[in-house]
Each structure stands twice: as C-alpha cells, then as structure tokens.
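[1] I'll drop the sequence and a predicted model, then ask my questions.
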Amino acid sequence: MKIDRFDHRILQQLQSNADIAISELAEQIGLSTNACWRRIKRLEELGVIRGRVALLDERALGLRLTVFVAIKTSEHNDSWLEKFSDGVKNIPEVIEFYRMSGETDYLLKIVARDIDDYDRVYKKLISVAPLHDVSSSFAMERIKSSTALPLQHLSG
C-alpha cells in the first residue's frame, strides 16, 4: 500500500479532527474536494481508516476509575481461550484487551464509576473462565492519552 504526502496529511488532519468538512480539508492540503473525498474513500476501503467516532470523556460521564488488570492462566488451549475471549468481549467496561508475552498472559483496561462498580466487573470477569492469578492496578493519574497514531514513518 502506498501512502503519499497527500494521504499522510489527510490522515494527520482526520486524526485531530474527524469532523472537518471535506472542502476545508481539501483546501488545507492542496487538493480539489473530489480528489480529497476519493482519497478518503480509498483509505477507508484499504482499512487504513477504520471509522470515525466521537471521543467521549470518561470522567465527564462518571467513569472515574481506570484499572489495568493483569491475568495469568494455567490453561492455554483453544476452547479456554475462546470462552475467555468471548466472555471478556461481552463486558462493556473492558475497553482494551490484549494477549501478552512475558509473565502476564492477558492485560485488560477497565473503566468503572468507583471501586464498588469495579468489584462488580471483577466478579463478572473471574466467572468467565478459570484464571490462575488476577492482579489489579489502579491508575492514579493519566499523564498521556492519545488516539492519534505516529505517522512520521510514512513520510520517508
């Protein structure tokens, strides 16, 4: 897949403001509105742009607790993984879910209103499938959070 400087600039702009009018975006990057629109559609078809969403502020919505949960399991078979993955995917408070290398098998990012709300989510989580160890770390302060991906490597 080839990303030229126009595509690069489109991606940069859309990462910071997905609501920008195509005419304004086209003007900013030096393309016609139609050419800009075609490029955006191509980037969507290629899967580079997966969608455009509103970024919600969890604190403004009362979700004041962020918890990182490290999970170790003694089971590593396909049926356990399918059961665990399906169960975790159905817990809306789990907003990120990773299979890891190293000592931790899975890492989850969970948002909750408070410790009581997290305890409810925790009980739901541990009922999904047998787990060997579950360790929760509570975020004290968010220092950086971004949905923007680094694009510098595309310029070369």
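    That came through, no problem.
[2] From the contact counts, what lies against the helix or strand where Tyr122 lies?
    Following DSSP states H and E, one finds Tyr122 within helix 115-126. Contacts defined by 3 or more C-beta pairs under 8 Å, 6 or more residues apart in numbering; DSSP states H and E place helix 115-126 against strand 65-72, strand 106-112, strand 133-138. Quick note: C-beta positions are derived from backbone N, CA and C, even for glycine.
[3] Check which helices and strands the helix or strand where Glu82 lies sits against.
    For Glu82, the element it lies in under DSSP H and E is helix 78-89. Contact partners of helix 78-89 among helices and strands, from 3+ C-beta pairs under 8 Å, 6+ apart: strand 94-99, strand 106-112.
[4] hang on, the earlier thing: now the angle between strand 65-72 and the helix holding Tyr122, please.
    Direction vectors for helix 115-126 and strand 65-72, defined by axes from the mean of the first three to the mean of the last three C-alpha atoms, to 10 degrees, enclose an angle of 30 degrees.
[5] ok now helix 115-126, how far from the chain's centre?
    How far helix 115-126 lies from its chain's middle: 21 Å, per C-alpha atoms, centre = their mean, to the nearest Å.
[6] Thanks a lot, catch you later.
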